[in-house]
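Enquirer: no sequence on this one, just coordinates:
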């Protein structure tokens, strides 16, 4: 007799599926709508990225407890803690671009008479 999949596992699977759908839609949206979606995903208070960061942080607390009990190797806790910290830093870095994304998202989807001027991108050199 197989055990039914617990609700939280099904929920994680469904969220993963929906994130895939969102990425598929994002790749096909006009720039203003894509900017709106990205701005919402990156919103530091209610966005997907902050939710994932919080989830990884909670996972780190769980892993620490389990590592202290000997049920998980300490490396699992350390990796989750590092991931949580790095995601938090990334969220802070991206937060400074929220206003720009919201501004682009508020523009109409019609083509402008003069196309925007491309910005030079930073190229990193290998050492």
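Expert: Received the coordinates, thanks. Predicted model, so just to flag it, every value in this text is computed and none were measured. Numbers count the residues shown, from 1 in each chain.

Enquirer: Would you mind measuring from the most centrally placed residue in the chain to residue 38?
Expert: Per C-alpha atoms, centre = their mean, the C-alpha nearest to the average position across the chain is that of residue 49, at 3.2 Å. Relative to residue 38, residue 49 is positioned 10 Å away (C-beta to C-beta, to the nearest Å). From N, CA and C alone the C-beta is placed, and that goes for glycine too.

Enquirer: quick one: low-confidence ranges for the chain?
Expert: 1, 109-116, 123-127 (pLDDT under 70).

Enquirer: rerun that using 90 as the cut-off
Expert: 1-5, 44-45, 96-99, 101-127 (pLDDT under 90).

Enquirer: where do the helices sit along it?
Expert: 7-26, 31-42, 48-69, 74-95, 98-106 (DSSP state H).

Enquirer: Residues in contact with the second one: which ones?
Expert: In other words, helix 31-42. Residues outside helix 31-42 that contact it (C-beta atoms under 8 Å, 6 or more residues apart in numbering): 22, 25-26, 29, 46-49, 91, 94-95, 97-98, 101-102, 104-109.

Enquirer: before we move on, what about the first one?
Expert: Under the criterion C-beta under 8 Å, 6+ apart, residues 34, 37-38, 41, 48 lie in contact with helix 7-26.

Enquirer: The fourth one too?
Expert: Among residues not part of helix 74-95, those counted as contacts by C-beta under 8 Å, 6+ apart are 42, 44, 49-50, 52-53, 56-57, 59-60, 63-64, 66-67.

Enquirer: ditto for the third one
Expert: Here helix 48-69 makes contact (C-beta under 8 Å, 6+ apart) with 19, 40-44, 72-74, 76-77, 80-81, 83-84, 87-88, 90-91, 94.

Enquirer: Distance to residue 117 for the helices of the chain - can I get that in JSON lines?
Expert: Supplementary listing: the helices of the chain in JSON lines, determined by distance: least, C-beta to C-beta, whole Å:
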{"stretch": "helix 7-26", "distance to residue 117": "24"}
{"stretch": "helix 31-42", "distance to residue 117": "15"}
{"stretch": "helix 48-69", "distance to residue 117": "29"}
{"stretch": "helix 74-95", "distance to residue 117": "23"}
{"stretch": "helix 98-106", "distance to residue 117": "14"}
